[in-house]
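J.: Sequence and predicted structure below; questions after.
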Amino acid sequence: MPGFDFTTEQIERYSRHILLKEVGVEGQRRLLNSSALVVGAGGLGSPIIQYLAAAGVGRIGIADGDVVELSNLQRQIVHGTADVGRSKAVSAAEFVGGLNPDCRVDIIAERLTAANTREAVAQYDVVLDGSDNFPTRFLVADACWLEGVPLVSGAVLRFEGQLLTVLPGGASPCYRCYVPEPPPPGVIPSCREAGILGAVVGVIGTLQAVEALNLLLGFEVSLADRLLIYEALDCTFTKAKRGRDPECALCGPDRTITDLVEYEVSCETDAEGAAEWLSE
Ligand SMILES: [Zn+2]
């Protein structure tokens, strides 16, 4: 019987993974021994957390300093009506606990800063960024690069979503090769200002989860040198080639960024709106 060290319940729970010859018992064991940090337990974070937990990723970090608001529930499906006013990280952790007892959850119910982000990301095999503001996006992207941790980054606005993966050590362009600096405050509208079709975050967050599972299973990741663009209104997926920027301040030969840069958080740079910026 394959999977001799799995319990009967685990064999049944993960049977549809184990049936895949590319995953099998060994792959499932890998997932159970792996770890992922999810930054943001919001619209993108919800399907990420749900699918990573369902897949049996053994340790899931959930970083979010916000509380659940009623206006979140249109897209942040890991939370329920009774969670309004509660910590998003705690609410999401309870969801994981109810779904899969194999998952240990690290609750980080505070905003990531220059003081704690490198230490946080260094403890995980992969980081999934579903944050809603540029200062956090850059902290997480820089920290992943500096600590050598793969990053799967998603962004959404209105009817559009984008996804990219950054592999450490120069195997792919870094996030700053593509977005060198955060946009000036006010350039990018936030979802609060511009709106978002709720299910669009489900598409992108789910794709982030797939990409992370591919990484954790040791599969080749296809988005390491591509930007995936999803347009919901005509249901198109486009891949745009990404290259290294030889003058990149983070990964170039003359790099100037050697530690985290703390950008000021302002409501104007709040943005699941990174997608809009990226597409320009
Ligand atoms: Zn770079």
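T.: Sure thing, it's come through.
J.: Now do the contacts for residue 128.
T.: Taking C-beta atoms under 8 Å, 6 or more residues apart in numbering as the criterion, residue 128 is in contact with 36-39, 44-45, 48, 52, 151-154, 208-209, 212. (Glycine included, C-beta is placed from N, CA and C.)
J.: Try it again at 6 Å.
T.: With C-beta atoms under 6 Å, 6 or more residues apart in numbering as the criterion, the residues that contact residue 128 are 38, 48, 152, 208, 212.
J.: Return the member of the residues you listed nearest to residue 178.
T.: residue 152 (14.0 Å; C-beta to C-beta).
J.: Strands of this structure, start to end?
T.: Remark: strands assigned in the chain by DSSP state E are 35-39, 59-63, 104-108, 126-129, 151-157, 160-166, 226-231, 236-241.
J.: and those strands as JSON lines, adding distance to residue 6 and mean pLDDT?
T.: Converted to JSON lines, the strands of the chain look like this (distance: least, C-beta to C-beta, whole Å; pLDDT from 0 to 100):
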{"stretch": "strand 35-39", "distance to residue 6": "19", "mean pLDDT": "98"}
{"stretch": "strand 59-63", "distance to residue 6": "18", "mean pLDDT": "98"}
{"stretch": "strand 104-108", "distance to residue 6": "17", "mean pLDDT": "98"}
{"stretch": "strand 126-129", "distance to residue 6": "23", "mean pLDDT": "98"}
{"stretch": "strand 151-157", "distance to residue 6": "27", "mean pLDDT": "95"}
{"stretch": "strand 160-166", "distance to residue 6": "30", "mean pLDDT": "96"}
{"stretch": "strand 226-231", "distance to residue 6": "34", "mean pLDDT": "95"}
{"stretch": "strand 236-241", "distance to residue 6": "36", "mean pLDDT": "95"}
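J.: Pipe those strands into JSON lines and attach distance to the ion per row.
T.: Below are those laid out as JSON lines (distance: least, C-beta to the ion, whole Å):
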{"stretch": "strand 35-39", "distance to the ion": "19"}
{"stretch": "strand 59-63", "distance to the ion": "23"}
{"stretch": "strand 104-108", "distance to the ion": "26"}
{"stretch": "strand 126-129", "distance to the ion": "16"}
{"stretch": "strand 151-157", "distance to the ion": "12"}
{"stretch": "strand 160-166", "distance to the ion": "9"}
{"stretch": "strand 226-231", "distance to the ion": "14"}
{"stretch": "strand 236-241", "distance to the ion": "15"}
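J.: Those strands: which one's closest to residue 198?
T.: Within these, the stretch nearest residue 198 is strand 151-157; the backing value is 9.9 Å (C-beta to C-beta).
J.: Show me what that closest one packs onto, helices and strands only.
T.: Applying 3 or more C-beta pairs under 6 Å, 6 or more residues apart in numbering; DSSP states H and E, we find strand 151-157 packed against strand 126-129, strand 160-166, helix 198-216, helix 274-278.
J.: Taking strand 35-39 as reference, get the angle to it.
T.: 30 degrees (axes from the mean of the first three to the mean of the last three C-alpha atoms, to 10 degrees).
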